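Trainee: Kindly return the folded structure for what I paste below:
(chains A and B)
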Protein chains: 2
Amino acid sequence: MRFEVITTDKYARAGVIETHRGIVNTPAFMPVGTIGTVKAMSPDELKEIGTEIILGNTYHLYLRPGHKIIETLGGLHKFMNWDRPILTDSGGFQVYSLSALRKIEDNGVYFRSHLDGSLHFLGPEKAMEIQSSLGSDIAMVLDDCTPYPSTYEYAMDSMLRTIKWAEHCRKLKTDKQAIFGIVQGSFYEILREKCLEALVNIGFDGYAVGGLSVGEPKEDMYRIINFTAPLLPENKPRYLMGIGDLFDVLIAVKAGFDMFDCVMPTRNARNGTLFTSQGRISIKREEFKADSNPLDPECECYTCRNYSRGYLRHLFLSREILSMRLNTIHNLYFYLKFFRNMRESILEKRFSEFFAKWINLVS
Amino acid sequence: MRFEVITTDKYARAGVIETHRGIVNTPAFMPVGTIGTVKAMSPDELKEIGTEIILGNTYHLYLRPGHKIIETLGGLHKFMNWDRPILTDSGGFQVYSLSALRKIEDNGVYFRSHLDGSLHFLGPEKAMEIQSSLGSDIAMVLDDCTPYPSTYEYAMDSMLRTIKWAEHCRKLKTDKQAIFGIVQGSFYEILREKCLEALVNIGFDGYAVGGLSVGEPKEDMYRIINFTAPLLPENKPRYLMGIGDLFDVLIAVKAGFDMFDCVMPTRNARNGTLFTSQGRISIKREEFKADSNPLDPECECYTCRNYSRGYLRHLFLSREILSMRLNTIHNLYFYLKFFRNMRESILEKRFSEFFAKWINLVS
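Mentor: Model prediction:
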């Protein structure tokens, strides 16, 4: 994997990641394909709207269908018929957020499946084994996501565990996959800095910031984003994990982050909340009943080119599968176009203008 | 609308219907697009698999979103982004099968919506008004679907009502739509014959047989199919309503029917039952867990070209939207290919061979 920053506009960066499965222009948004499919979308549709990379969830795929089955069937790319880059998370965050029981030990974490309550163990070795079976292009180290709020002492222990696991994962990296480290340290600047230094000493292909959006006030999240970004190595991709609210994305790109993932555009689509150039709308509203206009007159997506708000409202109220499809196409198209335009604004040194135009529309 | 029988092979017919929105080769299968979408499919996908005509449900579209809204939005074709022919049923069968209360009077039927219990009235005038608003290419007369079992007296009354309504509907036909009559008469040959004669005297663009598959033994259904088919006018399309089990289709094509509709391929797909050249399979079976083969090695559909049974099983068990999409594409492709091959066998005067090959595989 190669990475290059092409231009900066103050702290904002426009770059490009090269993998043997294709390039990823940054800032990049990665649609989430939790269990081997970006919900409601086909791979062809993902390509048509310009998706360059997707995210797969190690925790989910390990539990179902199981990474060994995916390996037998040729790896995650072949399994799901997606030949462009895939980044897999390490499962750390899902164990933290989804599993009923969670018992953290020095060499890993015991947890119960959210599907059937069965007991499992995830450590650095297992996390790397799973991601190797999946065959993702970018693997993430196993990290210990620190709960919010945590005392300084707890957060430090947790952060030290993340470093130890990162070191272990790094040793297991193969030539076939790039590997990113994950900065933890809760909302303590000093811990974030220590973690980051240790990870840089180990040496990774990219650096992620985790442990945000875990219940903290937004100001605390922005504080850590703004504190951490400039400390991250300049010549490696910077990935802000799980953040995808476009307001937050603008803040983070301004601070110097390059990669993002979030279920927001896909989940909102299925719930009928749609992003437009005029702000968000709820498609179920009565006023759209006989509205012959497209969702967003400024949008050129398949949905906006072919369907009226009246039809989309009807499909949504009727709980039709096509409703989830058309809404997801639109929201992901909106996101990817937003990212492309944002990148262009950085290349043309007018990111502050882009920021000013959108910061109110997406809040 | 023009119709021509190109070849017959004994009673089986290969023909073509010409409408100003495109041609329909017969025997034809019409995927069911109940409320303005063939469930899980996009119009592009329907075209890609060779769909020439779809069916829309007057009852459903009247209740939701309402035919006046669809008319405001440019008619059903524009509403759902489908520019090929559409046949709409008249609502008679849905009132019979779906609505809670049903009170039949001479000039129509009172019923309660299956959605919210609200009271509605459907008569010949209303049925034609709705179908005119929808702008379908082929409208169906309002018929009175006779319950099974019914006494001879009840069935005759019901059949006479169907004739009266058919006459009324025929008078309201516009130049923009073709209109088909519907033969009722329960399981009494003499009533079927009387009804048919009366309808032919009124004169329609095509003739349908309704009131079958309402709970009767299969032999009774086949008896009426075989009795009615040869009596129907030779120079008009013959439509067997709501029948789509391929075993039944083979029997009916052999008897001389040209058009079919059924939710079976789409509904089965969503339930994980898939049609293959080797018979039906349930995709959830354990044996497919790590199976790298396509669903049906003889199939060239998008699903079979790109996905393994192992992946399809995983998607189905995970209740993913893509599961319903890929399964529906496959089942509809299978159906449409089955119909194309069946038509070819008639054109080449080897339908009996086709019949013999498939009759056991589809039963």
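Trainee: got the residues of chain A near chain B?
Mentor: Chain A comes close to chain B at residues A:35-37, A:39-43, A:64-65, A:69, A:72-74, A:79-81, A:289-290, A:292, A:306-308, A:310-311, A:313-315, A:317-318, A:320-322, A:324-325, as judged by C-beta under 8 Å from any C-beta of the partner chain. C-beta here means a position set from N, CA and C on the backbone, and glycine is covered the same way.
Trainee: Filter those down to the buried ones.
Mentor: A:35-37, A:39-43, A:65, A:69, A:72-73, A:79-81, A:289-290, A:306-308, A:310-311, A:313-315, A:317-318, A:320-322, A:324-325 (16 or more other C-beta atoms under 10 Å in any protein chain shown).
Trainee: Identify the residue nearest the geometric centre of chain A.
Mentor: Residue closest to the mean C-alpha point of chain A, counted by C-alpha atoms, centre = their mean, is residue A:261 at 1.7 Å.
Trainee: who's in contact with it?
Mentor: A:29-32, A:55, A:87, A:241-242, A:244 (C-beta atoms under 8 Å, 6 or more residues apart in numbering or on different chains).
Trainee: Just the mean pLDDT for the host helix or strand of residue A:346, thanks.
Mentor: According to DSSP states H and E, residue A:346 maps onto helix A:321-347. What helix A:321-347 shows for mean pLDDT is 98.
Trainee: in that helix, what counts as buried?
Mentor: Quick answer for helix A:321-347 (16+ other C-beta under 10 Å): A:321-339, A:342-343, A:345-346.
Trainee: gap between stretch A:280-290 and the chain center?
Mentor: 29 Å (C-alpha atoms, centre = their mean, to the nearest Å).
Trainee: who touches it?
Mentor: A:268, A:272-274, A:295, A:309-310, A:312-313, A:316-317, A:327, B:65, B:69, B:72-73.
Trainee: try stretch A:120-135
Mentor: In contact with stretch A:120-135 (C-beta under 8 Å, 6+ apart) are residues A:56, A:58-59, A:61-63, A:67-68, A:70-71, A:75-77, A:86, A:88, A:90-92, A:95, A:107-113, A:139-142, A:165-166, A:168-169, A:172-174, A:176-177.
Trainee: dump the residue contacts of the residue of the stretch 101-250 of chain A found nearest chain B.
Mentor: In the stretch 101-250 of chain A, the residue found nearest to chain B is residue A:115; the distance is 9.6 Å by C-beta to the nearest C-beta. Contacts for residue A:115 (C-beta under 8 Å, 6+ apart) come out as A:63-64.
Trainee: Can you report phi and psi for the residue sitting furthest away from the middle of chain A?
Mentor: Farthest-out residue of chain A from its mean C-alpha position, per C-alpha atoms, centre = their mean: residue A:290, at 36.5 Å. Backbone torsions of residue A:290, given as degrees, to the nearest 10, read phi -120, psi 30.
Trainee: Any figure for the gap between it and residue B:79?
Mentor: 11 Å (C-beta to C-beta, to the nearest Å).
Trainee: what is in contact with the two at once?
Mentor: With C-beta under 8 Å, 6+ apart, residue A:290 and residue B:79 have common neighbours A:310, B:73.
Trainee: next structured bit after the helix holding residue A:346?
Mentor: helix A:351-358.
Trainee: what's that next one in contact with?
Mentor: By C-beta under 8 Å, 6+ apart, helix A:351-358 touches A:9-10, A:12, A:246, A:250, A:253-254, A:338, A:341-342, A:345.
Trainee: Can you say which helix or strand has residue A:87 in it?
Mentor: strand A:86-88.
Trainee: Packing partners of that strand?
Mentor: strand A:54-56, helix A:75-80, helix A:124-134, strand A:138-140 (3 or more C-beta pairs under 8 Å, 6 or more residues apart in numbering or on different chains; DSSP states H and E).
Trainee: Kindly recompute the last result at 6 Å.
Mentor: When contacts are defined as 3 or more C-beta pairs under 6 Å, 6 or more residues apart in numbering or on different chains; DSSP states H and E, strand A:86-88 packs onto strand A:54-56.
Trainee: mind checking the end-to-end distance for stretch A:179-189?
Mentor: 24 Å (C-alpha to C-alpha, to the nearest Å).
Trainee: how about it: buried residues?
Mentor: Buried residues in stretch A:179-189 (16+ other C-beta under 10 Å): A:179-188.
Trainee: cool, stretch A:259-274 as well?
Mentor: In stretch A:259-274, counting by 16+ other C-beta under 10 Å, buried: A:259-266, A:268-270, A:272-274.
Trainee: as a whole number, average confidence for it?
Mentor: For stretch A:259-274, the per-residue pLDDT averages 98.
Trainee: ok now it, how far from the chain's centre?
Mentor: 11 Å.
Trainee: Only alpha carbons, please: show that stretch as CSV.
Mentor: Taking C-alpha atoms only, stretch A:259-274 is exported to CSV below (Å, rounded to 0.1, in the frame of the first residue of the first chain):
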residue,chain,number,x,y,z
MET,A,259,-10.6,8.4,6.1
PHE,A,260,-14.1,7.9,7.5
ASP,A,261,-16.7,5.2,7.9
CYS,A,262,-20.2,5.3,9.3
VAL,A,263,-23.5,3.5,9.0
MET,A,264,-25.4,6.8,9.0
PRO,A,265,-26.1,7.2,5.3
THR,A,266,-27.2,3.6,4.9
ARG,A,267,-29.2,3.3,8.1
ASN,A,268,-30.8,6.7,7.7
ALA,A,269,-31.8,5.7,4.2
ARG,A,270,-33.7,2.7,5.5
ASN,A,271,-35.4,4.9,8.1
GLY,A,272,-36.5,7.3,5.4
THR,A,273,-34.1,10.2,6.3
LEU,A,274,-32.5,11.5,3.2
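Trainee: How much space separates the residue of the stretch 101-250 of chain A closest to chain B from residue B:312?
Mentor: For residue A:115 relative to residue B:312 (C-beta to C-beta), the value is 19 Å.
Trainee: again, but for residue A:110
Mentor: 33 Å.
Trainee: More neighbours: which of the two?
Mentor: Legend: neighbour count by other C-beta atoms under 10 Å in any protein chain shown for residue A:110 and residue B:312, higher for residue B:312 (25 against 16).
Trainee: any chance you could map the helices in the stretch 201-350 of chain A?
Mentor: For the stretch 201-350 of chain A, applying DSSP state H, counting those that start in this stretch gives helices covering A:218-228, A:246-255, A:264-270, A:302-306, A:309-317, A:321-347.
Trainee: Residue B:219: which of those is closest?
Mentor: Residue B:219 lies closest to helix A:321-347 among the helices of the stretch 201-350 of chain A, at 37.0 Å (C-beta to C-beta).
Trainee: Show me what the closest one is packed up against.
Mentor: Contacts defined by 3+ C-beta pairs under 6 Å, 6+ apart place helix A:321-347 against strand A:12-19, helix A:264-270, strand A:273-276, helix A:302-306, helix A:309-317, helix A:351-358, helix B:321-347.
Trainee: what angle sits between the helix holding residue A:346 and helix B:321-347?
Mentor: With axes from the mean of the first three to the mean of the last three C-alpha atoms, to 10 degrees defining the directions, helix A:321-347 sits at 120 degrees from helix B:321-347.
Trainee: Excluding chain neighbours, what is closest to residue A:180?
Mentor: Spatial nearest neighbour of residue A:180, excluding adjacent residues (C-beta to C-beta, 6 or more residues apart in numbering or on different chains): residue A:206 at 4.0 Å.
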